[in-house]
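**Student:** Following is a predicted model, sequence given first.
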Amino acid sequence: MAAPSGNDKWSAQRYNSNASFVYSSAFTSPTVNLLAPRPGEHILDLGCGSGELTLDPLLPAVLPGGSIVGLDASPDLLARAQANAASLSAAVRDAISWVHRDGHDLDGLQRNGEFDAVFSNAALHWMKRDPAKVVRGVHGLLKPGGRFIGEMGGALNMVGVRSTLHTVLAERGIDASKDDPWFFPTPEVYRTILEKEGFRVESCELVPRPTPLPTGLRGWLKTFAFAFLDALPSSADREAVIDEVCRRLEVDMKHDVGEGQEERWTVMYVRLRFKAWKQ
């Protein structure tokens, strides 16, 4: 994730409670399979969050002889990742390290040309300030012929949710375009960025993915929409906006999943999945 250092808006507790689908194998296996990590490889997990994928399946796949670096801009998520790793044996923990850093600042890692691969799941769309700089930093960290594999929000991701946030804030006199934290590119746009920064793109495509929300849209908004909610003057205003966004989206996102079962909220994710090689 890409929360600014020193101003951490992420909560590992909310993240794990409301958004476990982010690292669920049901949704991440295609991207991990595209990475195909092997024993002896050195891999950077860019935007590792609370470390679930870093620790499994990435870490076991590179042992023996390999290593994983988990990098994230959120101290709270990294603290949870380190806690999750505490139960590992000392020998296994030696193969993993954690780095607190914004994804735009990869050139300061002092690991140029050392990684066989850089992997990123559900993080690059938070690195909106300069996506090309992020890709340039990845390129510098990779060995010649190294690979960059990732999945992020793509064009039409969260269709309806994002526009409703903008609309509800506009009704309160707030221009949400100044606070919107997300970069959801088309494959054409992201392919161009990759190629301009020296990558050969093997694949770059949109993958529609309806995703059930374990705590409904309210939990999702409290976990991920903090940039919008923080533009409001009080906690009461934030709760009112959450109520209004949920009310307007209920007709599209809330579904009856069967007789005797609770209704379920589902968000329409559209992911951009890619594989590229350093030339």
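**Tutor:** Good, I have the coordinates. Numbers count the residues shown, from 1 in each chain.

**Student:** residues of stretch 116-136 that come out buried?
**Tutor:** For stretch 116-136, the neighbour count (16 or more other CB atoms under 10 Å) marks 116-128, 131, 133-136 as buried. Placement of C-beta: from N, CA and C, glycine included.

**Student:** Distance from the chain centre to the helix or strand of the chain with the lowest mean pLDDT, please.
**Tutor:** In the chain, no helix or strand scores lower on mean pLDDT, DSSP states H and E than strand 254-256, which sits at a mean of 88. Counting by CA atoms, centre = their mean, to the nearest Å, strand 254-256 is centred 26 Å from the centre of its parent chain.

**Student:** Mind checking what helix or strand follows it in sequence?
**Tutor:** strand 263-278 (DSSP states H and E).

**Student:** quick check, residue 71 in a strand?
**Tutor:** Yes. Under DSSP: H, G, I helix; E, B strand; the rest coil, residue 71 falls within a strand.

**Student:** what's the neighbour count on it?
**Tutor:** 24 (other CB atoms under 10 Å).

**Student:** Let me see the contact set for it.
**Tutor:** 44, 45, 46, 47, 48, 98, 99, 100, 101, 103, 106, 109 (CB atoms under 8 Å, 6 or more residues apart in numbering).

**Student:** Can you tell me how far it is from residue 264?
**Tutor:** 34 Å (CB to CB, to the nearest Å).

**Student:** Now for residue 279: which residues touch it?
**Tutor:** 198, 199, 200.

**Student:** How about the first one, nearest residue that isn't a chain neighbour?
**Tutor:** Read it as residue 198. residue 139 (5.1 Å; CB to CB, 6 or more residues apart in numbering).

**Student:** where does that neighbour land on pLDDT?
**Tutor:** pLDDT recorded at residue 139 is 97.

**Student:** quick one: it and residue 195 touch, right?
**Tutor:** No. The pair residue 139 and residue 195 fails to qualify as a contact (CB atoms under 8 Å) at a distance of 11.0 Å.

**Student:** Compare those two (neighbour count), which wins?
**Tutor:** The neighbour count for residue 139 versus residue 195, taken as other CB under 10 Å, is higher for residue 139 (20 against 15).

**Student:** Off-centre distance for the helix or strand that one falls within?
**Tutor:** Assigned by DSSP H and E, residue 139 falls within helix 131-141. On the basis of CA atoms, centre = their mean, helix 131-141 sits 16 Å off its chain's mean C-alpha point.

**Student:** other SSEs contacting that helix?
**Tutor:** Taking 3 or more CB pairs under 8 Å, 6 or more residues apart in numbering; DSSP states H and E as contact, the helices and strands that helix 131-141 lies on are strand 42-46, strand 115-121, strand 142-153, helix 187-196.

**Student:** Done for today, thanks.
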